[in-house]
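Undergrad: sequence and predicted structure, then a few things I'm wondering about:
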Amino acid sequence: MTDAATGAGRRLISFYQVPPKKSLNSLGVELLPIDQADGFALPGPAVVGIVYVRHPIDAHELIPFADYDEKLAQDRYNEALRVFTKLGAARIVATSRRQTTKQVAGRLGIKRLGADLGAGKDATWSLTFDQEGKGGVPLDPRPLRFRDEPMLDAVCDGVLHLGVKKGRIQITRSSTLGVDGELGLRLRKAGFKLGVSGTKATVTEFVIEAAFTADAAKELDAVVAKTEPTPIPARRSLLRRNLARGG
């Protein structure tokens, strides 16, 4: 997906209180009155002037432009957890790499603290999920929510048909709609805002590993030993009965 207005056409939305005096169609932003915001799912109250992006799976879910790539990475992470659980994993371990970024108020540009987002000296790996159970009969989790994740499909076939004992998925945060990309700069130049200002820890990569036998589950101890739990609890609760039943 390219970082251009044509690539984001019909996906960008911004709300207004006073109709704009000039057309902004060249940027591909659909302008709607603020009272129509109730028809969408938003992460908080709708803010006039912010550019939102439609979720690729649910067009009624809107994501602030600045948060889009991280939100998609998080959704793919959640999907990987769901798939491994349905496949009857005896243990699932996930780690994430986080990079501290600062979004400048007003223009809402992003100041990179390292030479490359996710590769700076303050990037750290943390344990975000570690769940162990008895495992269970594998069930096919397809259709997958994200059909452009071929590795998930391969893991499904491996577990269901080949007796694979371990699976590993790596999810890297893309820069499809980066705030410092061409489209982001054009939107800010036109007077739009891209998201909420402030400093935050941004997830740039997830690695999710699953074991489908007791022996393979023990091997994941080494992964846990190399990481530290996240400062703010980020573990998601999977019921043991889900792991046991594969449902």
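TA: It's in.
Undergrad: name the next helix or strand downstream of the worst-scoring helix or strand of the chain on mean pLDDT, please.
TA: Ranked by mean pLDDT, DSSP states H and E, the weakest helix or strand in the chain is strand 110-111, scoring a mean of 32. Using DSSP states H and E, the next helix or strand after strand 110-111 towards the C-terminus is strand 124-132.
Undergrad: now what about the helix or strand following that following strand, what contacts it?
TA: Using DSSP H and E, the next helix or strand after strand 124-132 towards the C-terminus is helix 150-162. Residues outside helix 150-162 that contact it (C-beta atoms under 8 Å, 6 or more residues apart in numbering): 79-80, 83-84, 87-88, 138, 140-142, 144, 146, 164, 167, 169-170, 210, 212. From N, CA and C alone the C-beta is placed, and that goes for glycine too.
Undergrad: and helix 150-162, what's its mean pLDDT?
TA: Taken as a whole, helix 150-162 carries a mean pLDDT of 94.
Undergrad: buried residues in that helix?
TA: Using 16 or more other C-beta atoms under 10 Å as the test for burial, helix 150-162 gives Leu152, Val155, Cys156, Gly158, Val159, Leu160.
Undergrad: as TSV, these with distance to Pro43 would be great.
TA: Shown next, in TSV, are these (distance: C-beta to C-beta, whole Å):
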residue	distance to Pro43
Leu152	25
Val155	30
Cys156	30
Gly158	35
Val159	34
Leu160	35
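Undergrad: tell me which two in these are the farthest apart.
TA: Using C-beta to C-beta, the buried residues of helix 150-162 span at most 12.4 Å, a distance reached by Leu152 and Leu160.
Undergrad: now Lys165, nearest residue through space, not along the chain?
TA: With sequence-adjacent residues excluded and distances taken as C-beta to C-beta, 6 or more residues apart in numbering, Lys165 is closest to Ala216, at 4.5 Å.
Undergrad: pLDDT score for the one you found?
TA: Note for Ala216: predicted pLDDT of 95.
Undergrad: what's the span of stretch 31-45 from first residue to last?
TA: Stretch 31-45 has an end-to-end distance of 17 Å (C-alpha to C-alpha, to the nearest Å).
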